[in-house]
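> generate coordinates for the sequence data below:
(one chain, ligands or ions: 1)
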Amino acid sequence: MTQKAQSGKIRIVRIKAGIVIDHIRAGHALDVLKILGITGKEGNVVSLAMNIRSSRIGRKDIVKIEDRILKKSELDRIALVAPEASINVIEDSHVVKKTRVKLPDEITDVVECTNKRCVTNKEREPIRAKFEVVSRQPLKLKCSYCWTIIEEDDIIAQFCTY
Ligand SMILES: [Zn+2]
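Numbers count the residues shown, from 1 in each chain. Presented below is the predicted three-dimensional model:
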């Protein structure tokens, strides 16, 4: 483990079962919690580590959530705020699955257009929201229908429940 070698020891608790979201861009751990709708009131044990040294992305944040699994739609959301993130699924204190999120060039159904008059926001129109990723850092998405640009803060606000 390169991280172990560099920092001497891992300063964040190990978990028995749940998920570890690693390689979050430094400073974005709270955005990841917001975008997953995690407020702390769910009862799961959540641990955060911020500004950990990473050979891959410089500085990184880590989020560990006990007794939680992630749906595909949640992985898609994480990719928006932490495009380099890797997801470790932990069972019986072991990593049983490791995946990386992927921010595609086109995003369908994950984010809503902020333009109220956009055709994708009309209830009677069966058109799914679709965006083109025009910038990855900072994140900017362009609606494929009305060309409205939405930015990271708008996106996080859509999922934030507090
Ligand atoms: Zn639109």
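> rest of the way, CA atoms for contacts and neighbours
OK.
> let me know the next secondary structure element after the least confident helix or strand in the chain by mean pLDDT.
Of all regular secondary-structure elements in the chain, judged by mean pLDDT, DSSP states H and E, the least confident is helix 2-7 with a mean of 47. Following helix 2-7 in sequence order, the next helix or strand is strand 18-25 (DSSP states H and E).
> tell me the angle of the helix or strand containing Lys97 relative to strand 18-25?
Per DSSP H and E: Lys97 is located in strand 94-100. Angle of strand 94-100 versus strand 18-25, following axes from the mean of the first three to the mean of the last three CA atoms, to 10 degrees, is 40 degrees.
> contact partners for the nearest residue to Glu84 once chain neighbours are set aside?
Spatial nearest neighbour of Glu84, excluding adjacent residues (CA to CA, 6 or more residues apart in numbering): His23 at 6.0 Å. For His23, the contact set (CA atoms under 8 Å, 6 or more residues apart in numbering) comprises Ser54, Arg56, Ile57, Lys60, Asp61, Ile62, Ala82, Glu84, Ala85, Ser86.
> okay if I get the residues you listed as JSON lines plus neighbour count?
As requested, these are exported to JSON lines (neighbours: other CA atoms under 10 Å):
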{"residue": "Ser54", "neighbour count": "17"}
{"residue": "Arg56", "neighbour count": "11"}
{"residue": "Ile57", "neighbour count": "13"}
{"residue": "Lys60", "neighbour count": "24"}
{"residue": "Asp61", "neighbour count": "24"}
{"residue": "Ile62", "neighbour count": "24"}
{"residue": "Ala82", "neighbour count": "26"}
{"residue": "Glu84", "neighbour count": "20"}
{"residue": "Ala85", "neighbour count": "25"}
{"residue": "Ser86", "neighbour count": "21"}
